[in-house]
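[1] Sequence and computational prediction follow.
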Amino acid sequence: DLPLQYPGVRRDESVIDDYHGVKIADPYRWLEDPDSEETKDFVQKQVELTQSVLKECDMRGKLSEKITKLFDHPRYDPPYRQGNKYFYSHNTGLQAQNVIYVQDSLDGEPEVLLDPNTLSEDGTVSLNTHSVSEDAKYVAYALSTSGSDWVTIKVMRVEDKKIEPDTLSWVKFSGISWTHDNKGFFYSRYPAPKEGEDIDAGTETNANLYHEVYYHFVGTDQSKDILCWKDPENPKYLFGADVTEDGKYIILSITEGCDPVNKFYYCDMSALPHGLEGLREKNDLLPVLKLIDTFDAMYHLIANDDNLFTFLTNKDAPKYKLVRVDLKEPTVWTDVLQEAEKDVLESVRAVNGSQMIVSYLSDVKYVLQIRDLNSGNLLHQLPVDIGSVSGISGRREDSTAFFGFTSFLTPGIIYQCNLANEIPDMKVFREITVPGFDRSEFQVDQVFIPSKDGTEIPMFVVARKNIPLDGSHPCLLYGYGGFNISITPYFSVSRIVLTRHLGAVFCIANIRGGGEYGEEWHKSGSLAKKQNCFDDFISAAEYLVSAGYTQPSKLCIEGGSNGGLLVGACINQRPDLFGCALAHVGVMDMLRFHKFTIGHAWTSDYGCSDKEEEFQWLIKYSPIHNVRRPWELHASQPHQYPSTMLLTADHDDRVVPLHTLKLLATLQYVLSTSLEKSPQTNPIIGRIECKAGHGGGRPTQKMIDEAADRYSFMAKMLDASWIE
Ligand SMILES: O=C(NCC(=O)N1CCC[C@H]1C(=O)O)OCc1ccccc1
């Protein structure tokens, strides 16, 4: 087939930056302005080009139908108790957004409490977070529009569902934490942008700086909120304020990036002679005590008994451990639960008086235990399959805990764990079933493959049972590799459809940079060692070919955000190894990412081009700076780039769309010139969604439409055939 005709795009050769003496051109700098007519025109032309390619992807209809059908099953999150009521999130199947229900008891008649579907015609208003007051009289909730990170907090009375006038704006990266007098809650926000209300929040790119903590009194105007914390000397800092489970302390966690490290300040509420109102009169900040005032480790409060505080930490423990301190003797720390030999202490939930539910990550699978909170001693092992545990709910005053379980072939099970008995009994509280899904048709394997430097990389392989390893199967290899995030088994409707109807092999490579083996694993895939992520992913791809699962022309790589960077870097480094590449909302300009919205927080994994040594790391793999005509890469056997779809959305203010637009323009330009030497017939296209963001809060129909687009593109490019 003929090479695609790409839109002619202006290159401004006059934009040359000087990085520590190295001149770097940035001809598509003008694409960084989302509001310019020229950028809008660029986007429009790319949307039209992509539509013309998708029209030829004839599996789109069938994929959309199968994904819709399989997705149309009831889904629940584990319930949690607050006051004398229970709350849970539920979706009947195809609702745009999940709905929050309230019950008077676990088997009481559920009532709709918060239904975001009533807040917009197209389902683009989503519930970002919510928090019920201690007495369950109020629920405060944060709404996001079009998937932006900006949220507006509202308050509703639980009893009669009356929405209070309270409206809190310019909230971002915020929790909601109520004081136990139920008068109000702490939240975090940024100063209102100087251009005021008229921006289309989520489409702007300016940096988020000067985070602040406020306290809001229910029934008052936001202008009356109490400023509790800010730090103008450190504009990058992010703050989170929480009230302890006993209601006695306000804790303030301070981070300056995405590393698992934080400062930990606290304030004994009884030390506030006139309560929080007192702060307003004196125009003071919260009178905190600084327990931890460095960023050399993470301190996550698990429980306190008055001034005895128990923390989950990675201090001298890259696989995490539990420590305890008496606030009255802040230099004396004792170990409650030592760092494990191999497993990562992933989460701890204090429940049932002085017990705790402890979850470990063991070779990327969850292990669940009940331990004694005071001694750390093991009490019981809870039997869970290979998969992921989520949403552990339960408190110290509860003897019942709930948690969710999911895996590649398990849509979802909610377990109820009664801890009152000597032997805790785990029973199925709810099981999600998916009509038309027969798990016996599939199998899941976990393999460990050597990377370039010999490091063993775990990889999950999901396929139909007993496929012949004859290299004939379309294969989708997914990866992330950063920010201490572990990609553990989860039920994915779209991947099940691909495995069932295209005979695809779906693989997740747990490459370095993630949290799968703790902080060492994270660090060995970041900063100067970021190339390890790409080497690991390339090794995983080579294994899938050499083991006979697939062949390069049938291999598709996929990743989102930091995983989009992974895909962008890998097609530059090994264009010969893949037949297709799908990069969602990728970080593609590694020299400028820190200038936009919250990008400055990612220097903890990437470094920053403002520093010479770090510039040298970044320029070597930055996707937009390393696009080469394959002939330049391998004159002997020039291999064109894989068919590539870059995806982004206009309200993505986590990873701003300019990254994707600049890479799209660069690829289309470089790969469509000197075709005689480096033929490029594989299409390079962009899918640019409107009224959508980084991914969170996307309504069901938009998720299905995007999956149908990208996987029908993949099916076409891998020349896959449909299996009824
Ligand atoms: O930026 C992130 N998270 C990292 C993130 O979203 N990243 C990191 C790289 C690109 C993108 C992604 O992979 O989703 O979240 C905002 C935040 C909140 C509180 C403290 C620090 C930061």
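    Great, that's in hand.
[2] Does residue 664 touch residue 46 like I think?
    Yes: here residue 664 reaches residue 46: they are 6.4 Å apart, a contact under CB atoms under 8 Å. All C-beta atoms are positioned from the backbone trio N, CA, C, and that covers glycine.
[3] just the helices in the stretch 351-500 of the chain please.
    Secondary structure of the stretch 351-500 of the chain, counting by DSSP state H, counting those that start in this stretch: helices at 493-501.
[4] do the same with the stretch 201-350 of the chain
    Counting by DSSP H, counting those that start in this stretch, the helices of the stretch 201-350 of the chain are 277-282.
[5] Of residue 664 and residue 46, which one has the most company?
    Remark: of residue 664 and residue 46, residue 664 carries more neighbours, 31 against 23, as counted by other CB atoms under 10 Å.
[6] what's the host helix or strand of that one in contact with?
    In this assignment (DSSP states H and E), residue 664 forms part of helix 658-671. For helix 658-671, contacts defined as CB atoms under 8 Å, 6 or more residues apart in numbering pick out 6-7, 9, 11, 28, 31-32, 34, 39, 42-43, 46, 205, 564, 568, 583, 585-589, 593, 596, 623-624, 627-629, 640-641, 644, 646-648, 678, 680, 684-686, 688.
[7] Quick one: buried ones out of the residues you listed?
    Buried subset of these (neighbour count, 16 or more other CB atoms under 10 Å): 6, 9, 28, 31-32, 34, 39, 42-43, 46, 205, 564, 568, 583, 585-589, 593, 596, 623-624, 627-629, 640-641, 644, 646-648, 678, 680, 684-686, 688.
[8] Who does the residue of the stretch 201-350 of the chain found nearest the ligand form a beta bridge with?
    The ligand sits closest to residue 238 of the stretch 201-350 of the chain, with a gap of 4.3 Å, by CB to the nearest ligand atom. Taking DSSP bridges as the rule, residue 238 bridges to residue 255.
[9] Tell me who's in contact with the residue of the chain at minimum distance from the ligand.
    Using CB to the nearest ligand atom, the closest approach of the chain to the ligand is made by residue 561 at 3.0 Å. Counting by CB under 8 Å, 6+ apart, residue 561 touches 480, 584, 585, 586, 587, 654, 655, 694, 695.
[10] Which ones among the residues you listed map onto strands?
    residue 584 (DSSP state E).
[11] ok, and which of the contacts of residue 561 reach the ligand?
    Filtering the contacts of residue 561 for proximity to the ligand by CB under 6 Å from any ligand atom leaves 587, 654, 655.
[12] Any figure for the gap between the residue of the chain closest to the ligand and residue 693?
    For residue 561, the distance to residue 693 equals 12 Å [CB to CB, to the nearest Å].
[13] who touches both of the two?
    By CB under 8 Å, 6+ apart, residue 561 and residue 693 have these common neighbours: residue 654.
[14] what's residue 184 in contact with, if anything?
    Counting by CB under 8 Å, 6+ apart, residue 184 has contacts 178, 215, 216, 217, 218, 276.
[15] Quick check: bridge partners of it?
    Beta-bridge partners for residue 184, by DSSP bridges, are residue 217.
[16] do you know how far it is from residue 240?
    As judged by CB to CB, residue 184 and residue 240 stand 17 Å apart.
[17] So which residues on this protein come close to the ligand?
    173, 238, 255, 258, 483, 561-562, 587, 598, 601-602, 654-655.
[18] List phi and psi for residue 700.
    Main-chain torsions, residue 700, degrees, to the nearest 10: phi -50, psi -50.
[19] Just to check, it is in contact with residue 123?
    Yes: between residue 700 and residue 123 there is a contact under CB under 8 Å: 7.2 Å.
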